[in-house]
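Asker: fold the following, please.
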Amino acid sequence: MLSTAIAWAVYDLTQSQLALGLIEGVQVIPLLAIGLQAGQWADRFDRRKLIQISLVGTATCSGLMALLPYDRSSVP
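Answerer: Reported below is the predicted structural model:
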């Protein structure tokens, strides 16, 4: 849902298909960059703690996304 919300917000603000494609492409970079390391971390560390950390990060990003419409300085 976060990925869809980001894509929707970018397209709504820019009306640019190129910007939308770039945002979708950039969202894949963390998967490629830390995908293999995440598997090792899941084997080495407590999985519940890793899930908690990732959920806090996702919740933080979602909260910041929710605040963007109220900050009119970010809208071109």
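Asker: lowest-pLDDT helix or strand in this structure?
Answerer: Across the helices and strands of the chain, the lowest-confidence element by mean pLDDT, DSSP states H and E is helix 2-14, at a mean of 83.
Asker: who are the packing partners of that one?
Answerer: Applying 3 or more C-beta pairs under 8 Å, 6 or more residues apart in numbering; DSSP states H and E, we find helix 2-14 packed against helix 17-26, helix 47-67. All C-beta spots, glycine's among them, are computed from the backbone N, C-alpha and C.
Asker: format those helices as JSON lines; extra columns: mean neighbour count.
Answerer: JSON lines is the format used below for the helices and strands packed on helix 2-14 (neighbours: other C-beta atoms under 10 Å):
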{"stretch": "helix 17-26", "mean neighbour count": "12"}
{"stretch": "helix 47-67", "mean neighbour count": "11"}
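Asker: okay, those helices in TSV with distance to Ala9 next?
Answerer: As requested, the helices and strands packed on helix 2-14 are arranged in TSV below (distance: least, C-beta to C-beta, whole Å):
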stretch	distance to Ala9
helix 17-26	9
helix 47-67	7
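Asker: buried residues in the least confident helix or strand of the chain?
Answerer: When neighbours are counted by 16 or more other C-beta atoms under 10 Å, the buried residues of helix 2-14 are found to be Ile6, Ala7, Val10.
Asker: nearest to Phe45 among those residues?
Answerer: Checking the buried residues of helix 2-14 against Phe45 with C-beta to C-beta, the nearest one is Ile6 at 28.1 Å.
Asker: was I right to think the closest one contacts Leu22?
Answerer: No - with contact defined as C-beta atoms under 8 Å, Ile6 and Leu22 do not form a contacting pair (11.6 Å).
Asker: mind pulling up the pLDDT for the residue of the chain most remote from its centre?
Answerer: In the chain, the residue that sits farthest from the middle, by C-alpha atoms, centre = their mean, is Arg44; the gap is 24.9 Å. For Arg44, the model assigns a pLDDT of 91.
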